[in-house]
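Visitor: Pasting the sequence and the predicted coordinates here, then a few questions.
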Amino acid sequence: MPHEPGLREPGLREPSALVVGFPALPDLQAWSQTLRQHWLNLPPNWQHWLIIGLILAGAVLFLDPTKVISSIVKRSNQGCQEVVQPRSVLSRDQLTQLLTVPERSPKDRLRTVVREPYCLMPSIRIRAGVDAVREAYPLEFDPNTWVIVLYEGDEYAGYRFDPR
Amino acid sequence: MQDTASTLVKAGLVIGAAILALGIRQWWVQSSAPPPRALKLQQNWELEMGSRVGDYLIVGGLGDISLDLRGDAIYAPFDGKVEPYAHKSCVLFSSAEIPAYLFRFCGLERLSLGAIKAGRAIGSARYLQFATLRKQPNGSWAIVEPSREVLEKVLSAR
């Protein structure tokens, strides 16, 4: 855009205009007096509604709105990066066998029990120099609970239940 | 004028009620904190976190990374849970998203215990002691070398 000297002038004057036009600081005592007077002048049923509204606002805060909202919009395959086997679930038998495999066993030993996962979660490095692979399985008998299995290289590191 | 003033009355009362509710909630959260979680560590050293030398308490040991946080906050790296640890000012962070691992944070103030969303503040510290613990087949926890990636997540809010 070409430089237009004529437009610069009003822009430069703006800040000083703001300072001049700024209102003086309010007299807090007079304000609270006025507010009190207005509260007393309100019709009685108005006052009731205000109080009820305040109690409701307090209750909403107490319930933590973010938690309530997130539980409503929870996604079922949250955390998945890549779906591997959409029909994969973990049966009671498989879960029981999974619990018998000690941590730090070879990956293949666990894989013969649990087969292909529902999905892969993003790879992550928790320990220096070692990339962790995470695989997720919904439980056949409780689809809202998932089992997350973590491998490091060819080693099975552990599992956790994830209620979703 | 009457309209403006009644709006102001309403706004003032709503803000007051909100502050009161938050205060009560904070008190409720603190008073319903879970009991400290005890861990069996795989490494067993003569001088470790919580032991004493003369009149002084050891607040960091072999395996802890010490960070000069200058009073800044640390944040939950994943959705998870913050539990008190046997030593005061220490907490354990666990998450279903990272099986077989726990993080131990010490030196914290203004703790937030219980369930926590990723990116929310766990607490703040002048000096932070950070350890990564990995589960062993016998149920004990081994202190392992932490990665830069996790530490960077811990230091950044989302």
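Guide: Okay, I see it.
Visitor: contacts, neighbours, all on C-alpha from now
Guide: OK.
Visitor: report the longest helix in the chain, please.
Guide: Looking at chain A here, since you left the chain open. Assignment by DSSP state H gives helix A:44-62 as the longest helix of chain A.
Visitor: right idea, wrong chain: chain B
Guide: Chain B, longest helix under DSSP H: helix B:2-31.
Visitor: Say whether chain A is contacted by that helix.
Guide: Yes: applying CA under 8 Å from any CA of the partner chain, one finds helix B:2-31 touching chain A at B:2, B:5-6, B:8-10, B:13-14, B:17-18, B:21-22, B:25.
Visitor: For these, which PyMOL command selects only the ones that are buried?
Guide: Provided next is the PyMOL selection string for whichever of those are buried by 16 or more other CA atoms under 10 Å in any protein chain shown:
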select buried, chain B and resi 5+6+9+10+13+14+17+18+21+25
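Visitor: Remind me what the longest strand anywhere in chain B packs against, helices and strands.
Guide: As assigned by DSSP state E, the longest strand anywhere in chain B is strand B:121-135. Counting contacts by 3 or more CA pairs under 8 Å, 6 or more residues apart in numbering or on different chains; DSSP states H and E, strand B:121-135 packs against strand B:65-68, strand B:73-75, strand B:101-109, strand B:141-144.
Visitor: Might you report the residue contacts of whatever residue of chain A ends up closest to chain B?
Guide: With CA to the nearest CA, the shortest gap between chain A and chain B falls at residue A:128, namely 4.0 Å. Residue A:128 is in contact with B:145, B:146, B:147, B:148, counting by CA atoms under 8 Å, 6 or more residues apart in numbering or on different chains.
Visitor: now residue B:103
Guide: Neighbouring residues of residue B:103 by CA under 8 Å, 6+ apart: B:92, B:93, B:94, B:130, B:131, B:132, B:133.
Visitor: Low-confidence ranges, chain B, go.
Guide: B:1-2, B:29-34 (pLDDT under 70).
Visitor: Next to chain A, which bits of it? Give me the list.
Guide: Within chain B, the positions adjacent to chain A are B:2, B:5-6, B:8-10, B:13-14, B:17-18, B:21-22, B:25, B:96-100, B:132, B:135-137, B:144-150 by CA under 8 Å from any CA.
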